[in-house]
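In: this one's structure only:
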């Protein structure tokens, strides 16, 4: 999609829709202390004047921007609610348009009634995400910042929150624009030299361009390297609890959740299906799955559960392998040792409140004996993560939380200058740009004419522009904002 198409579409959209004034409820549809109904558009103040009654019959359209006014919302002669009305004149508002926010009492019926009155007086219902969409189209936000708004609302942990806030501040926008400036500089130089070869020479320019491309590839690669952490920050760590029957897997899940969510009995094979929960550990989200105990069984239902456990373990970011330290290791444990080879795994020696038969050294011997060929590829005996815990008494849980944090984020994440790519659309665009720049290097190495460089440089430029919304079409914009909640 070209920049020209985007600008044309953007102009058409603004021409067709800019004259409408949209309204929506911007708070959750449940009884609460307050509710907010928001309008944005050129007639916001005029519509507000029709429905608002304050002291001395003052008109809201005559008041200063960024002021709050006490009064009542009226439906003809009927008083609907006592309200505070906030006024924000464009372009100094979230959308860049005249905006009115009515803060009313938070009853579901009240906020719906006020919205209906605004629509009856000339406003039109806003589409999902239309306020942020207008902010993007009016240049208040670039597309990466607009998407960060949606991520901010959906954030489920401190890391996701901080990452979204930094993207909202424009850290991705700044970095992408810096890379694009360097690309367009070389593109412009090549095109100018081709148009005026008598005055601008490209002799020896290949070396300068290649050095620059190599640096750009490093910058993009650095961004791509953050994608795994970015996914985990946004979506959480896909975590599977493995172990043989009655090792204490469900008890561990209950301790981590802080509630009796999983059924715990002395009967082996109680858990037959996968139980999935979301928990927050020290600001990190874990999408954690308690699975059926791994063992050979003739029970058809239990066997399905065991197969599911193995399937989820294969796709997990993290495996918590729970061992019953009060009983000897058996053939089921050795099968699990095979399953976790090469996986990010924390081994938990559970039931330390009982007499321990299995030691850390026993686990290390069994782990490496199960597949000696992987000794050099996996964690060494010294750093194989093994933690002694008692799910019954909650012992060792803090150590487990610290180990997870260190395993995935080296203990801490810094959000001062770091950029984390959390959006799959951004990752795809970066990969496309990286491949296009690699093609430039290939053309240089092959001694191709300079106009070949320009084609791939522009491909990279366009791909990066899709991240900030400089080179994107109407369909994708609509799809992005359709995922937003109503009123935002």
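Out: Structure's in. What do you need? Because the structure is predicted, anything quoted here is derived from the model rather than measured.

In: Report the contact partners of residue 92.
Out: Contact partners of residue 92, counting by C-beta atoms under 8 Å, 6 or more residues apart in numbering, are 65, 66. For the C-beta atoms, the positions are set from N, CA and C on the backbone; glycine is no exception.

In: pLDDT value on it, please?
Out: Per-residue pLDDT puts residue 92 at 94.

In: swap in residue 235?
Out: Residue 235 carries a pLDDT score of 79 in this model.

In: residue ranges with poor pLDDT in the protein?
Out: The chain contains residues with pLDDT under 70 at 1-18, 259-274, 282-283, 297-302, 371-382, 409-417.

In: Tell me the residue in it that is farthest from the middle.
Out: residue 198 (51.5 Å; C-alpha atoms, centre = their mean).

In: tell me the SS of it?
Out: coil (DSSP: H, G, I helix; E, B strand; the rest coil).

In: Any chance of the backbone angles for it?
Out: Per-residue torsions, residue 198: phi -70, psi -30 (degrees, to the nearest 10).

In: quick one: buried residues of stretch 74-85?
Out: 80, 81, 83, 85 (16 or more other C-beta atoms under 10 Å).

In: Does the third one lie in a helix or a strand, and which?
Out: Secondary-structure assignment from DSSP states H and E places residue 83 in strand 78-88.

In: following that strand, which helix or strand shows up next?
Out: Beyond strand 78-88 in the direction of the C-terminus, DSSP H and E gives the next helix or strand as strand 99-106.

In: Describe which strands that next one pairs with in its sheet and in which direction.
Out: In the sheet containing strand 99-106, the strands it pairs with under DSSP bridges are strand 32-40 (antiparallel), strand 78-88 (antiparallel).

In: Can you show me the strands along this structure?
Out: Listed in chain order, the strands found in the chain under DSSP state E are 22-25, 32-40, 52-54, 67-75, 78-88, 99-106, 124-125, 237-242, 275-281, 284-290, 318-324, 345-350, 386-388.

In: Those strands: which one's closest to residue 422?
Out: For these, proximity to residue 422 was assessed by C-beta to C-beta; strand 284-290 is nearest, at 12.3 Å.

In: Report the distance from that closest one to the chain centre.
Out: On the basis of C-alpha atoms, centre = their mean, to the nearest Å, the separation between the geometric centre of strand 284-290 and that of its chain is 16 Å.

In: helices or strands up against it?
Out: Counting contacts by 3 or more C-beta pairs under 8 Å, 6 or more residues apart in numbering; DSSP states H and E, strand 284-290 is packed against strand 237-242, helix 249-257, strand 275-281, helix 397-409.

In: Tabulate the ones you listed (a markdown table), appending mean neighbour count and distance to residue 336.
Out: Formatted as a markdown table, those follow (neighbours: other C-beta atoms under 10 Å; distance: least, C-beta to C-beta, whole Å):
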| stretch | mean neighbour count | distance to residue 336 |
| --- | --- | --- |
| strand 237-242 | 25 | 6 |
| helix 249-257 | 24 | 11 |
| strand 275-281 | 16 | 18 |
| helix 397-409 | 16 | 18 |
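
In: Compile those into JSON lines and extend it with columns for distance to residue 419.
Out: Rendered in JSON lines, the data for those read as follows (distance: least, C-beta to C-beta, whole Å):
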{"stretch": "strand 237-242", "distance to residue 419": "20"}
{"stretch": "helix 249-257", "distance to residue 419": "31"}
{"stretch": "strand 275-281", "distance to residue 419": "24"}
{"stretch": "helix 397-409", "distance to residue 419": "15"}
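
In: Residue 438 is nearest to which of those?
Out: Between residue 438 and the helices and strands packed on strand 284-290, the shortest gap by C-beta to C-beta is with helix 397-409, which sits at 29.6 Å.

In: other SSEs contacting the closest one?
Out: Helices and strands in packing contact with helix 397-409 are listed as helix 227-235, strand 275-281, strand 284-290, strand 318-324, strand 345-350, strand 386-388; criterion 3+ C-beta pairs under 8 Å, 6+ apart.

In: Could I get the ones you listed in a markdown table, plus columns for distance to residue 118?
Out: Converted to a markdown table, the helices and strands packed on helix 397-409 look like this (distance: least, C-beta to C-beta, whole Å):
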| stretch | distance to residue 118 |
| --- | --- |
| helix 227-235 | 35 |
| strand 275-281 | 37 |
| strand 284-290 | 38 |
| strand 318-324 | 49 |
| strand 345-350 | 55 |
| strand 386-388 | 58 |
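
In: Which among these is found nearest to residue 484?
Out: Judged by C-beta to C-beta, the one of these that comes nearest to residue 484 is helix 227-235, at 15.9 Å.

In: which of the residues in that closest one are buried?
Out: Neighbour-count burial for helix 227-235, with 16+ other C-beta under 10 Å as criterion, is recorded at 227, 229, 230, 231, 232, 233, 234.

In: Save the residues you listed as CSV, and put in distance to residue 429 too.
Out: Written out in CSV, the entries for the buried residues of helix 227-235 read as follows (distance: C-beta to C-beta, whole Å):
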residue, distance to residue 429
227, 12
229, 18
230, 14
231, 16
232, 20
233, 19
234, 17
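
In: Now flag whichever of those is closest to residue 127.
Out: Minimum separation from residue 127 among the buried residues of helix 227-235 (C-beta to C-beta) is found for residue 234, which lies at 24.5 Å.

In: thinking the closest one is in contact with residue 162, fair?
Out: No - Residue 234 sits out of contact with residue 162 when judged by C-beta atoms under 8 Å, with a separation of 11.5 Å.
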